[in-house]
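Engineer: got a sequence here, can you model it:
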Amino acid sequence: MTTAEPAVHGAAGPAGHPLRGPAAGQRALRDVLGRYATGVAVVTTRHLGRPAGVTVNSFTSVSLDPPLVLWCLSATSGSRTAFTRAEHFAVNVLGAGQRDLCTRFTRPGDRFAGLPVDTGPHGLPLLPGAVAVLLCRRTSVLPAGDHLLLLGAVTDHAMSPGPALLFADGGYHAGPG
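Structural biologist: Modelled structure (predicted):
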């Protein structure tokens, strides 16, 4: 099969495993997507004077010229209004030892309670110990299935030494660093 040919359900995929279509269900698709290792980040913003933050692993660079990044937010997220209305956001790439921050920003409630944070430009909360930070101006919000795609122009960035926190095959791992 060439890349121009459509996939045929029941045909062989990698190592002879059968290709499966939508009927296999969301769990099967999730398992396949989970084979792709991703970094873990907490995206933060400030809206109406209050900090907001969410854990994401759907973050990617889009362009170097101009510098653009993209991340995805669940359309049902309680932080949806903050991120779709705020003009700026920060992507805090978590270090390998920051699984606690990853978990903190997936739970309901005040995710910033008791957490010492620095305040960056535009009042953006910057998380301690992040191995990389990108400050962005939101340029677009696009609906995409059950998520929103948020595109941002990078205005500032910094990095620190150390391995990043990775997520693959349903678990957390330390990246090279």
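
Engineer: so, low pLDDT: which residues of this protein?
Structural biologist: In the predicted model of the chain, residues 1-13, 15-16, 36 satisfy pLDDT under 70.

Engineer: can you show me the strands along it?
Structural biologist: In the chain, the strands defined using DSSP state E lie at 38-39, 41-47, 50-56, 59-64, 67-74, 88-93, 118-119, 125-126, 132-144, 147-159, 165-168, 171-174.

Engineer: how about those strands, which one is nearest Leu101?
Structural biologist: Set against Leu101 and scored by C-beta to C-beta, these come closest in strand 41-47, at 6.1 Å. From N, CA and C alone the C-beta is placed, and that goes for glycine too.

Engineer: okay, now the sheet partners of that closest one, with direction.
Structural biologist: Its sheet considered, strand 41-47 pairs with strand 50-56 (antiparallel), strand 88-93 (antiparallel) by DSSP bridges.

Engineer: let me see the contact set for Pro66.
Structural biologist: Ala153 (C-beta atoms under 8 Å, 6 or more residues apart in numbering).

Engineer: switch the cut-off to 10 Å
Structural biologist: Shown in contact with Pro66 (C-beta atoms under 10 Å, 6 or more residues apart in numbering): Thr139, Ala153, Val154.

Engineer: ok, the residue nearest to the last one when sequence neighbours are not counted to Phe89 distance?
Structural biologist: Leaving out its chain neighbours, the residue that sits closest to Val154 by C-beta to C-beta, 6 or more residues apart in numbering is Pro67, at 3.9 Å. Taking C-beta to C-beta, to the nearest Å as the measure, Pro67 falls 14 Å from Phe89.

Engineer: these two - which one has more neighbours?
Structural biologist: Taking other C-beta atoms under 10 Å, Pro67 and Phe89 do not tie; Phe89 has more neighbours (26 against 15).

Engineer: is that one bridged to anything, and to what?
Structural biologist: Beta-bridge pairing of Phe89 under DSSP bridges involves Cys136.

Engineer: against Pro14, how distant is it?
Structural biologist: Remark: distance between Phe89 and Pro14 (C-beta to C-beta) = 36 Å.

Engineer: swap in Arg30?
Structural biologist: Counting by C-beta to C-beta, the gap from Arg30 to Pro14 is 17 Å.

Engineer: neighbour-wise, which of the two wins?
Structural biologist: Using other C-beta under 10 Å as the criterion, Arg30 and Pro14 rank with Arg30 on top: 10 against 7.

Engineer: is it true that the more buried one touches Asp169?
Structural biologist: No. Counting by C-beta atoms under 10 Å, Arg30 does not reach Asp169; the two are 11.2 Å apart.

Engineer: intersection of neighbour lists for those two?
Structural biologist: Going by C-beta under 10 Å, 6+ apart, no residue sits against Arg30 while also sitting against Asp169.
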